[in-house]
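Enquirer: Quick one, what's the 3D model for this:
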Amino acid sequence: MRSAPAAETFPAHTPAAAQIFTTVLSHGPLTRLDAARRAGLSAAAVTKAVRPLLEAGYLVETPDQEARAALGRPASLVRVDGGRALFIGVKVTAGELIGVLTDLRCRIRVARHVPVPDRATEAVLTSLAELTRELQVEAEELGAPVLGLGVAISGDVDRAEGVVRYSPFLDWRDVHLAELAALTTGLPVTVDNDVRALTVAEQWFGAGAGLSDFALVTVGAGIGCGIVVHGRVISGAHGVAGEIGHVTVDPAGPPCHCGNRGCVEAIAGDAAIVRRIRETTGLEVADSAAAAALAHQGDEGAREAFARAGEAIGRGIATVANLLGPERVIISGEGLAAYDLFAAQIREAFTAAAFGSAAQCDVQTRPLPFEEWARGAAATAIQSFITPHDPRQSR
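Expert: As a prediction, the model looks like this:
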C-alpha cells in the first residue's frame, strides 16, 4: 500500500505541468521556449504550466545574462529551486542502512551510515525510524520541509504496492515496507528495488538524462540491470524485469542460488569471484577487496577469475543490447573498484555477442560511491512527489 499523502502536495495539477517541471529538473536552467521544445508543448501550455510552480517557489525565473549581452534584449531562464524541499533516501543492506538527505534536485546535503545488527523487519524499521529522525534534524537547520522518504532494497520489490516480495540478502518475504515505514516515520514512503531506484536517479539527474532508451548494469555483490524504454523505467508484469544477473551465459557453469547454472551472477558476482579464486589457487581469500589485491599483484588464478567475470558481464550486456537496442549502457556499482581487471573482457565479449548495429551501443562506466544507492532511493521519493502516479513507471 502507498502511504498517506504528504501534508504539502506538488502544485502540478496537469500532466503538462509535471512534464515541464521534470524537463527543467533534468535539463535546466532553460528558457521557456527551450522547455517547450524539449517537452513537445506549445508556448501557451508552458506559460500555463509554470505559473503555479513559480508562485509556489518550486521554479524560479532569472535573467539570462549571456543571452542578454549577446542579443541586446531581455531573456530569462527557468530553473528548479533545489532548496524548496528536501527528501530522504535510504539504502537497506544486510549489515547497514545508508541514508542521505537531498534537496529537490537530488543533491546530497547529508549522508549517514547506521549499522543494522539484526535483519528482522522490526529491527530494521526501528533503525530506519532513528536514521530518519536524525536526517530530519539536519533538515531543520537547512530550513526546508522533508516531503518524502524513499527506501531502496535488493530483490523482488513491488513499488506500486510498496511490498518487498522477496529480498534474498535479508531473507524477507511479503513485507509491506512502505506502509510500515510510513507508520514509523510519519512520511510518505516509496519503496523500490535498489537497481531501479538508481536507474531513476541516472534517468533524471545522471548519465541517462535526455535519453529515451538506456540500461544501467550494476556490478558487485549481485549483478543487476535497470531498463528504460521510451522514457519509462520498466519493472515488468511481475516486477523482475532486468534480471540480467540470472541470464545464463554458460550452461555448464557454476550453480547459482536461483537454482540454475552459469548465470552471470554465478560467475561475476563478488562471492562468485572469491569462490573461483579459492578453488583455483587454494588460497583463503577473505573478500572481494582481497581478491582484487591478489589479482593486482599478478596472481594468475585471481586474474583469470576477474577475466571470466568480465566475459560473463559482456555477454549479459550484449543480451540486453540485442533485445532492447538501448542507446547507452551504463556500468556502475561497487564492483567497479576492480574494473581495470575485467574492462577489456567486457568490451571484447560484448562486441563478439552483440548482433549487428547493437554493437554500436555506447557502453560507459560510471563509478559511484555507495551513497549513490541511497540517492537513488531519494530520487524515487522525488519522483513520487512530483508525479504520484508516474506514467513513466511501466510494467
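
Enquirer: helix, strand or coil for Leu53?
Expert: Local secondary structure at Leu53 is given as helix here, using DSSP: H, G, I helix; E, B strand; the rest coil.

Enquirer: Quick check: pLDDT value at it.
Expert: Taken from the predicted model, the pLDDT recorded for Leu53 is 94.

Enquirer: Share the number of residues neighbouring it, please.
Expert: Neighbourhood size, Leu53 [other C-beta atoms under 10 Å]: 23. In this view, the C-beta of every residue, glycine as well, is placed from N, C-alpha and C.

Enquirer: Quick check: nearest residue in space to it, chain neighbours excluded?
Expert: Setting aside the residues directly before and after it, Leu53 is nearest to Leu59 in space (C-beta to C-beta, 6 or more residues apart in numbering), at 4.3 Å.

Enquirer: Ok, Ala295 next?
Expert: On the basis of C-beta to C-beta, 6+ apart, the spatially nearest residue to Ala295 that is not a chain neighbour turns out to be Ala302, at 3.8 Å.

Enquirer: Just give me the longest helix of the chain.
Expert: Taking residue count as the measure and DSSP state H as the definition, the longest helix of the chain comes out as helix 300-324.

Enquirer: Tell me who's in contact with the nearest residue to Gln19 once chain neighbours are set aside.
Expert: Leaving aside its chain neighbours, Gln19 sits nearest to Ala39 (5.1 Å; criterion: C-beta to C-beta, 6+ apart). Counting by C-beta atoms under 8 Å, 6 or more residues apart in numbering, Ala39 makes contact with Ala16, Gln19, Ile20, Thr23, Val46.

Enquirer: Need phi/psi at Ala39.
Expert: With angles defined as degrees, to the nearest 10, Ala39 sits at phi -90, psi -10.

Enquirer: how about low-confidence regions in the stretch 251-395 of the chain?
Expert: Judged by pLDDT under 70, the stretch 251-395 of the chain has its weakly predicted residues at 388-395.

Enquirer: Where do the strands of it begin and end?
Expert: Applying DSSP state E, counting those that start in this stretch to the stretch 251-395 of the chain gives strands spanning 328-332, 362-365, 393-394.

Enquirer: Packed most tightly, which of those would that be?
Expert: Sort the strands of the stretch 251-395 of the chain by mean neighbour count, taking mean count of other C-beta atoms under 10 Å, and strand 328-332 sits at the top with a mean of 22.

Enquirer: helices or strands next to that one in the packing?
Expert: Packed against strand 328-332, as judged by 3 or more C-beta pairs under 8 Å, 6 or more residues apart in numbering; DSSP states H and E, are the following elements: helix 194-205, strand 214-219, helix 300-324, strand 362-365.

Enquirer: next one: the first one to chain centre, how far?
Expert: The one in question is helix 194-205. For helix 194-205, the gap between its own C-alpha mean and the chain's C-alpha mean amounts to 3 Å (C-alpha atoms, centre = their mean, to the nearest Å).

Enquirer: ditto for the last one
Expert: On the basis of C-alpha atoms, centre = their mean, strand 362-365 is displaced by 16 Å from the centre of the chain it belongs to.

Enquirer: Please work out which residues outside it touch it.
Expert: The set of residues that contact strand 362-365 without belonging to it, under C-beta under 8 Å, 6+ apart, is 207, 317, 327-332, 336, 339, 343, 346-347, 350.

Enquirer: try 7 Å
Expert: Contacts to strand 362-365, defined as C-beta atoms under 7 Å, 6 or more residues apart in numbering, come from residues Ala207, Ile317, Glu327, Arg328, Val329, Ile330, Ile331, Leu336, Tyr339, Phe350.

Enquirer: What about the third one, how many residues nearby?
Expert: This points to Glu327. 15.

Enquirer: gap between Phe350 and Gln364?
Expert: Using C-beta to C-beta, to the nearest Å, Phe350 is found at 12 Å from Gln364.

Enquirer: I meant Pro255, not that one.
Expert: Separation of Pro255 from Gln364 (C-beta to C-beta) stands at 32 Å.

Enquirer: Kindly report the same for Pro15.
Expert: According to C-beta to C-beta, Pro15 stands 31 Å off from Gln364.

Enquirer: so which helix or strand takes in Val228?
Expert: Using DSSP states H and E, the secondary-structure element containing Val228 is strand 223-229.

Enquirer: Can you list the strands that that strand pairs with?
Expert: Taking DSSP bridges as the criterion, strand 223-229 sits next to strand 214-219 (antiparallel), strand 232-234 (antiparallel) in its sheet.
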